[in-house]
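Trainee: Prediction below, plus the sequence it came from.
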Amino acid sequence: MSKPPAKSEEFCAVILAGGRGTRFWPRSRRHAAKQVLNIMGEGTMLEQTLARLAPLAKPENTWIITSRELRGAVLRQSPRVPAQQVIAEPVGRNTAAAIALGAELILRTRGDVPMGVFPADHVIEHPQKFQAIIRNGVGEARRPGRLVVLGIPPSRPETGYGYIEVVEEPHRREPPPVYRVRRFVEKPDLPHAREFVAAGNYYWNAGIFIWRASAILEALAEHLPEISERLRRVAEAPRSKFTAALERWYPGCQNISIDYGVLEKARGLVCLPAGGMGWNDLGSWSALYEELAPGGGTVTQGGNVVELDAANNFVQAPGKTVALIGVKDLVVVETPDALLIVPRAQAQKVGRLVAELEKQGRDKLL
């Protein structure tokens, strides 16, 4: 299939919307995951993502990779994105396969243009600052072989995020500063997180990437050749046979993240600092509490709370009065079929609880 000539002004977006958001159980489920829920602010997480990308990427230049269970909800929430560009994975295969598919489709339909990869479930408090940073990243991604990852200046020794270590001197002098990536560090323990923050040359990995379609596909072909070959076959299929090709080739892809599979080994990787845009990956109920109540206090979403000698709790129990006596720093979330009670400091473990429910075959709760 011949590739169309790239239009220099075009920018394409791939939105990753296939996750289950297990740490937001019991609200986030297979058929109503975090990204299609209104967790905070106006609209769902996906709708907010589309709104802040609108000045950067036209709907016809946007692809959304999601799951079979969520595709209906995603279609309803993204009516301007062409339906054939809302793609349901036959099975979840992590970010490397999803990004490879998006890049292959962009290369074949839009040419070798800069593209961004964006999770569907992040909070960005300052969209205009975000857009300015992305435009800077697009300029950097136009350089040959460049792979750009956004780095968030750490505000605390966070153990729930991955870190990027950068070479302290910028590889170039003109603004904005862009740093060469020395290594990725997975979620550290608290002592190491404190060291990273103190060192001053570590950033949180935002999971937002910018590159030319050809640049990431070349890196995928080098480091994950089987995924590369499988997704090339899918993208080359005629539209009438695309779904059949996806069903045939996608499930055999390795289940691996783009970070592990490609970026930790790739050449040309740079980090663009992305401070000031109010980023939060909103990865757990605790993260939501901290976003809503940075100064502390009890947060109530739906219903109301009566407290006696209690403080700094997060309660979501629509239509209920919740009475709290002598407890603090709890998360309490009720749905029609489940009730979650967990210390905020252990909210990251909710994903492990969902894995246990899955092992027990409790499908109605998933």
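Mentor: All right, it came through fine.

Trainee: part of a helix, is Gly275?
Mentor: No - counting by DSSP: H, G, I helix; E, B strand; the rest coil, Gly275 is not part of a helix but coil.

Trainee: Give me the nearest residue to it, chain neighbours excluded.
Mentor: The shortest distance from Gly275 to any non-neighbouring residue, by C-beta to C-beta, 6 or more residues apart in numbering, is to Pro153 (4.4 Å). All C-beta atoms are positioned from the backbone trio N, CA, C, and that covers glycine.

Trainee: What separation is there between that neighbour and Ile133?
Mentor: Using C-beta to C-beta, to the nearest Å, one obtains 12 Å as the distance from Pro153 to Ile133.

Trainee: With neighbour numbers in mind, choose between the two.
Mentor: Using other C-beta atoms under 10 Å as the criterion, Pro153 and Ile133 rank with Ile133 on top: 24 against 14.

Trainee: Give me the neighbour count for the closest residue to the more buried one other than its chain neighbours.
Mentor: For Ile133, ignoring the flanking residues on the chain, the nearest one in space by C-beta to C-beta, 6+ apart is Ala274 at 5.0 Å. Per other C-beta under 10 Å, the neighbour tally for Ala274 reads 25.

Trainee: now Ala274: how far from Gly361?
Mentor: Here Ala274 is placed at a distance of 42 Å from Gly361 (C-beta to C-beta).

Trainee: In the sheet, which strands lie alongside the worst-scoring helix or strand of the chain on mean pLDDT, parallel or antiparallel?
Mentor: Lowest by mean pLDDT, DSSP states H and E among the helices and strands of the chain is strand 179-185, with a mean of 90. Applying DSSP bridges to the sheet, strand 179-185 is found paired with strand 163-166 (antiparallel), strand 269-273 (antiparallel).

Trainee: Against which helices or strands is the very next helix or strand once past it packed?
Mentor: The helix or strand immediately downstream of strand 179-185 is helix 190-199, counting by DSSP states H and E. For helix 190-199, the elements it packs on are strand 163-166, judged by 3 or more C-beta pairs under 8 Å, 6 or more residues apart in numbering; DSSP states H and E.

Trainee: which residues are contacting the strand it packs on?
Mentor: Outside strand 163-166, the residues within contact range by C-beta atoms under 8 Å, 6 or more residues apart in numbering are 149, 151, 154, 179-185, 188, 193, 196, 201-205, 271.

Trainee: switch to 7 Å and redo it
Mentor: For strand 163-166, the external contacting residues (C-beta atoms under 7 Å, 6 or more residues apart in numbering) are 149, 151, 179-185, 188, 196, 201-205, 271.

Trainee: from these, which would you call buried?
Mentor: Among the contacts of strand 163-166, those classed as buried by 16 or more other C-beta atoms under 10 Å are 149, 151, 179, 181, 184-185, 188, 196, 202-205, 271.

Trainee: got TSV for those, with distance to Arg23 too?
Mentor: Below are those laid out as TSV (distance: C-beta to C-beta, whole Å):
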residue	distance to Arg23
Val149	23
Gly151	23
Tyr179	30
Val181	27
Phe184	21
Val185	21
Pro188	18
Phe196	22
Tyr202	23
Tyr203	22
Trp204	17
Asn205	17
Cys271	26
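
Trainee: Identify the farthest-apart pair in those residues.
Mentor: Across these, no pair lies farther apart than Tyr179 and Pro188, at 19.4 Å, counting by C-beta to C-beta.

Trainee: quick one, what contacts the nearest residue to Val123 once chain neighbours are set aside?
Mentor: Closest residue to Val123 apart from its sequence neighbours, by C-beta to C-beta, 6+ apart: Asn280 at 4.3 Å. Residues in contact with Asn280 (C-beta under 7 Å, 6+ apart) are His122, Val123, Ala287, Glu291.

Trainee: ok so, going back, and the residue nearest to Ile133, what does it touch?
Mentor: Going by C-beta under 7 Å, 6+ apart, Ala274 touches Ile133, Leu150, Gly151, Ile152, Ala206.

Trainee: gap between it and Phe130?
Mentor: Ala274 is 8 Å from Phe130, by C-beta to C-beta.

Trainee: what's the answer for Gly296, then?
Mentor: Separation of Gly296 from Phe130 (C-beta to C-beta) stands at 27 Å.

Trainee: who has more neighbours, those two?
Mentor: Comparing Gly296 with Phe130 by other C-beta under 10 Å, the one with more neighbours is Phe130, at 24 against 12.

Trainee: where are the low-confidence patches of the stretch 101-250 of the chain?
Mentor: Applying pLDDT under 70 to the stretch 101-250 of the chain flags residues 168-175.

Trainee: can you pull out the helices in the stretch 201-350 of the chain?
Mentor: For the stretch 201-350 of the chain, the helices defined by DSSP state H, counting those that start in this stretch cover 213-223, 225-236, 242-249, 258, 285-292, 350-359.

Trainee: and among those helices, the most buried is which?
Mentor: Mean neighbours per residue, mean count of other C-beta atoms under 10 Å, is largest over those for helix 258, with a mean of 27.

Trainee: Against which helices or strands is it packed?
Mentor: Contact analysis of helix 258 by 3 or more C-beta pairs under 7 Å, 6 or more residues apart in numbering; DSSP states H and E lists helix 94-110 as its packing neighbours.

Trainee: so what secondary structure elements neighbour the helix it packs on?
Mentor: When contacts are defined as 3+ C-beta pairs under 7 Å, 6+ apart, helix 94-110 sits against strand 12-17, strand 62-67, strand 114-119, helix 213-223, helix 225-236, helix 258.

Trainee: Done for today, thanks.
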